[in-house]
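A.B. asks: Next comes the sequence, and after it the predicted model I'd like to discuss.
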Amino acid sequence: MTILCYHSVDPAWESPLAMRPGEFADHAAWLARHRTVVPLSEAVNRLDRRGRLPRGMAALTFDDGFAGVLEHALPEVQRHRLPTTIFLVAQTLTDEGLDAWWVRTPPPWPLATLTVEEVLHLRDLGVDLQSHSWAHQDLPELDEDRCERDLRQSREFLEDLLHGPVPFLAYPRGLHDDGVRRAARRAGYSHAFALPEGPERVDEYAVPRVGIHRGNNTRTLWVKSQPRYLDARHARRHVARTGRRLLKIG
Ligand SMILES: [Zn+2]
């Protein structure tokens, strides 16, 4: 099946990035009933050459470390005992902090990201915490050395904080190129996760995920978690490639 990418769960934030709590509760119940949700560390060992998991298997990830995940997703994740990974923007956890500047569809109020205390609480509950870079910059815009420093700084900061290894990276907005993938490897990650919207290479540093958005019901989740979805979508987008450029919202 596939690796799913959510962002926040938030009743008030009207954005593709924020599932409504009821929608997410339905997803969690559906996944628990119809899929074997495995930890991301297990999923990466079960991927085939095209980045697909064995039939019936899924993995659950959240990007950006929004506080809404703790408040509105965690209860459902715990109720159904779903292994979960959250990709954190490391600089949001420093003393100086970092606003969620990268969100293109923000609400009229400041978006809260997880605090250090909340991250440690999640770790103690068994939630897997990994890297979403230092400051959520579009990594292909950085030169390769700068990119490597950003990714290494994030990994080392999170490893110090969590007292454990941080081998996984989710590229901000899923964006990567040859230099970014090399930088991720040199910065010490074993795997890095993308959000392909068209034909893309697949390897340890370009593991595909499927984005799930506000308004997606469990029927959409079923379609998106089909092993064929990545391939079929690639074919559709390939045909439409000469048309509009698709918005990267992650
Ligand atoms: Zn992100």
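C.D. replies: Noted; the coordinates are in hand. Values in this document were obtained by computation on a predicted structure and should not be read as measured data. Numbers count the residues shown, from 1 in each chain.

A.B. asks: alpha carbons only for contacts and neighbour counts from here, please
C.D. replies: Noted.

A.B. asks: mind listing the strands for the protein?
C.D. replies: Applying DSSP state E to the chain gives strands spanning 2-6, 8-9, 18-19, 36-37, 57-63, 84-88, 128-131, 168-170, 191-193, 210-211.

A.B. asks: for the fourth one, packing partners?
C.D. replies: Pointing back at strand 36-37 there. Applying 3 or more C-alpha pairs under 8 Å, 6 or more residues apart in numbering; DSSP states H and E, one finds that strand 36-37 contacts strand 57-63.

A.B. asks: Can you list the neighbours in contact with the strand it packs on?
C.D. replies: 1-8, 35-40, 43, 69, 82-88, 132, 170, 225, 250 (C-alpha atoms under 8 Å, 6 or more residues apart in numbering).

A.B. asks: if we go to 6 Å?
C.D. replies: 1-7, 35-38, 40, 84-87 (C-alpha atoms under 6 Å, 6 or more residues apart in numbering).

A.B. asks: ditto for stretch 97-114
C.D. replies: The set of residues that contact stretch 97-114 without belonging to it, under C-alpha under 6 Å, 6+ apart, is 13, 65, 66, 67, 91, 92.

A.B. asks: What count of nearby residues applies to the fourth one?
C.D. replies: Neighbourhood size, residue 67 [other C-alpha atoms under 10 Å]: 19.

A.B. asks: before we move on, what about the last one?
C.D. replies: Burial of residue 92, expressed as a neighbour count using other C-alpha under 10 Å, amounts to 22.

A.B. asks: In space, what's closest to it - neighbours in sequence excluded?
C.D. replies: residue 98 (4.5 Å; C-alpha to C-alpha, 6 or more residues apart in numbering).

A.B. asks: what's the distance between the one you found and the ion?
C.D. replies: Separation of residue 98 from the ion (C-alpha to the ion, to the nearest Å) stands at 13 Å.

A.B. asks: same deal with residue 30?
C.D. replies: Taking C-alpha to the ion, one finds residue 30 at 25 Å from the ion.

A.B. asks: so how far is residue 123 from the closest residue in space to that residue that isn't next to it in sequence?
C.D. replies: For residue 30, ignoring the flanking residues on the chain, the nearest one in space by C-alpha to C-alpha, 6+ apart is residue 218 at 6.9 Å. For residue 218, the distance to residue 123 (C-alpha to C-alpha, to the nearest Å) stands at 28 Å.

A.B. asks: Also residue 137?
C.D. replies: The spacing between residue 137 and residue 123, counted by C-alpha to C-alpha, is 25 Å.

A.B. asks: Same drill for those two, tell me which one is more crowded.
C.D. replies: Higher neighbour count among residue 137 and residue 123: residue 137, with 19 against 13, using other C-alpha under 10 Å.

A.B. asks: Count the neighbours of the closest residue to the more buried one other than its chain neighbours for me.
C.D. replies: Leaving aside its sequence neighbours, residue 137 sits nearest to residue 172 (C-alpha to C-alpha, 6+ apart; 6.7 Å). Around residue 172 there are 27 other residues, counting by other C-alpha under 10 Å.

A.B. asks: Residue 172 against residue 136, yeah?
C.D. replies: Yes: between residue 172 and residue 136 there is a contact under C-alpha atoms under 6 Å: 5.4 Å.

A.B. asks: Contacts only, for residue 68.
C.D. replies: So residue 68 contacts 8, 9, 10 (C-alpha under 6 Å, 6+ apart).

A.B. asks: Distance to the ion, neighbour count and pLDDT for those - can I get that in JSON lines?
C.D. replies: Shown next, in JSON lines, are the contacts of residue 68 (distance: C-alpha to the ion, whole Å; neighbours: other C-alpha atoms under 10 Å; pLDDT from 0 to 100):
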{"residue": "8", "distance to the ion": "10", "neighbour count": "29", "pLDDT": "97"}
{"residue": "9", "distance to the ion": "14", "neighbour count": "28", "pLDDT": "98"}
{"residue": "10", "distance to the ion": "16", "neighbour count": "23", "pLDDT": "97"}
